[in-house]
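Enquirer: Dropping a prediction and its sequence here:
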Amino acid sequence: MTQSLIEINTIIIGAGPAGLAVGACLKKAGIPSILLEQSDKVGSSWRRHYDRLHLHTDKRNSELPFAPFPKEYPRYPSRDQLVAYLESYAKKFGLDVRFKQQVTSAQKENETWIVKTQDVEYRALHLVIASGYAREPIVPAWDGMGTFKGKILHSSEYKNGSQFKNQNVLVVGFGNSGGEIAIDLFEHGARPAIAVRKAVNVIPKELAGIPILSIGIVQNMLPAWMADAMNAPILHAVMGDITKYGLRKLPYGPATQIKNDKRIPLIDVGTIKLIKQGHVRVFQGVERFTQNGIQFTDGKEAQFDAVILATGYRPKVDAFLKETSIYDEEGTPRSTGWLESVSGLFLCGFYVSPTGMLREIAIEARQISTAISSSS
């Protein structure tokens with residue numbers, strides 16, 4: 001079958017928050033662009049998240065360029081409210097989103113980017129990759145998984161805890177998804193536990209009524225070690241000694257963790273309270289599965305009816321991008337924004353920011369638009 005050909009100034013891969021933000025900024029600048037989205041709706045990854053999800057960052061610091069969240073939205077919008085916001089955002093700016101376009105390859109020939117989908121070939125001067133972190137679920141393999149009699153599902157498949165009422169359920173992973181899924185399970189009458197493989201940092205969603213993100217923005221100009229030194233006594237006073245409850249504390253603080261490990265600490269929305277009250281049990285990392293449960297790395301064993309893998313995602317840009325120098329062996333971009341090493345190539349939404357991913361996306365989108373405008 002012969003592919004149709006479309007030429008445009010800029011191609012944007014992905015119609016999530018990052019792609020939409022870049023598209024809006026380019027629209028404001030008068031630069032023609034097309035967004036290629038593999039699903040049939042904008043914000044597809046957000047639609048797949050569990051029902052209970054709310055933003056962990058406040059709406060004032062999470063809005064995309066030129067469009068604040070509706071005034072009636074709460075300080076921390078829900079998943080459904082964010083999806084509605086993204087839908088209205090695409091309509092507000094009249095963005096040209098081509099749905100059901102699965103990008104199979106993107107490569108540069110001379111000064112032109114050639115992007116192919118299942119049925120169209122697109123050509124452009126500029127390419128923006130905004131496909132997001134959540135392209136491929138990470139599903140670890142442990143010995144004995146095939147013999148486990150209970151249900152195993154990745155957090156991407158989890159909607160709510162209604163089916164797990166009165167069951168013992170293990171959540172593997174102590175990131176923000178794992179922490180909130182444990183709460184959701186408890187609220188639906190399950191008996192949740194969490195497997196925590198590594199030492200962690202935990203920060204509150206707010207301090208004295210101030211969103212933790214706002215504090216992070218103010219402190220972002222400081223060296224990470226200095227911000228951590230300032231915050232340590234406050235965090236200890238608010239969170240207490242988490243090691244009393246089976247958690248191991250990282251030897252460095254949250255700011256250093258974000259900078260060096262490229263990982264966001266747990267932003268606590270109630271998980272720690274449930275752990276302290278004994279409603280959520282804490283175990284070490286998973287060693288192997290048994291027929292009826294899990295053996296952990298410290299030798300302990302426990303029985304479970306189900307296991308939910310809150311083990312994250314990979315961006316997997318290597319699935320389509322031929323510029324191998326810009327990503328690691330797992331397909332994760334080594335940097336984000338404007339890549340001087342490859343002319344005409346930009347990435348948006350791949351920076352783990354201490355001031356919030358959505359806020360960083362808005363900043364990057366404006367910078368990318370300015371760079372494209374200056375070269376067009």
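Expert: The structure has been received and is ready for your questions.

Enquirer: list the contacts for the residue nearest the centre of the chain?
Expert: Against the mean C-alpha coordinate of the chain, by Cα atoms, centre = their mean, the closest residue is residue 133 at 5.7 Å. By Cβ atoms under 8 Å, 6 or more residues apart in numbering, the residues touching residue 133 are 313-315, 349-350. Heads up, the C-betas are built off the backbone N, CA and C, glycines and all.

Enquirer: Mind giving me the packing neighbours of the longest helix along the chain?
Expert: The helix that spans the most residues within the chain, counting by DSSP state H, is helix 357-375. For helix 357-375, the elements it packs on are helix 17-29, strand 120-129, strand 337-338, strand 345-347, judged by 3 or more Cβ pairs under 8 Å, 6 or more residues apart in numbering; DSSP states H and E.

Enquirer: Restricting the selection to alpha carbons, write the next helix or strand after the longest one to PDB.
Expert: Yep, that's helix 17-29 we're talking about. For helix 17-29, the succeeding helix or strand toward the C-terminus, using DSSP states H and E, is strand 33-36. Written as PDB, here are the backbone C-alpha positions of strand 33-36 (Å, rounded to 0.1, in the frame of the first residue of the first chain):
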ATOM      1  CA  SER A  33       2.500  21.900  13.300                       C
ATOM      2  CA  ILE A  34       0.800  18.500  13.400                       C
ATOM      3  CA  LEU A  35       0.500  16.300  16.500                       C
ATOM      4  CA  LEU A  36       0.600  12.600  15.900                       C
END
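
Enquirer: got a list of contacts for strand 33-36?
Expert: 6, 8-15, 19-20, 22-23, 26-27, 95-98, 101, 103, 115, 117, 122, 124, 128.

Enquirer: Buried ones among those residues?
Expert: 8, 10-15, 19-20, 22-23, 26-27, 95, 97, 101, 103, 115, 117, 122, 124, 128 (16 or more other Cβ atoms under 10 Å).

Enquirer: pLDDT-wise, which helix or strand of this protein ranks last?
Expert: strand 337-338 (a mean of 77; mean pLDDT, DSSP states H and E).

Enquirer: what's that one packed up against?
Expert: Under the contact criterion of 3+ Cβ pairs under 8 Å, 6+ apart, strand 337-338 touches strand 345-347, helix 357-375.

Enquirer: Around residue 218, how many other residues sit close by?
Expert: 11 (other Cβ atoms under 10 Å).

Enquirer: helix/strand/coil for it?
Expert: Secondary structure assignment for residue 218 (DSSP: H, G, I helix; E, B strand; the rest coil): helix.

Enquirer: So it versus residue 228, what's the distance?
Expert: For residue 218, the distance to residue 228 (Cβ to Cβ, to the nearest Å) stands at 14 Å.

Enquirer: Pass me the low-pLDDT residue ranges in the stretch 201-350 of the chain, would you?
Expert: By pLDDT under 70, the low-scoring segments of the stretch 201-350 of the chain are 340.

Enquirer: where along it do the strands fall?
Expert: For the stretch 201-350 of the chain, the strands defined by DSSP state E, counting those that start in this stretch cover 202-204, 206-207, 210-211, 266-268, 281-283, 286-289, 293-296, 301-303, 306-309, 313-314, 337-338, 345-347.
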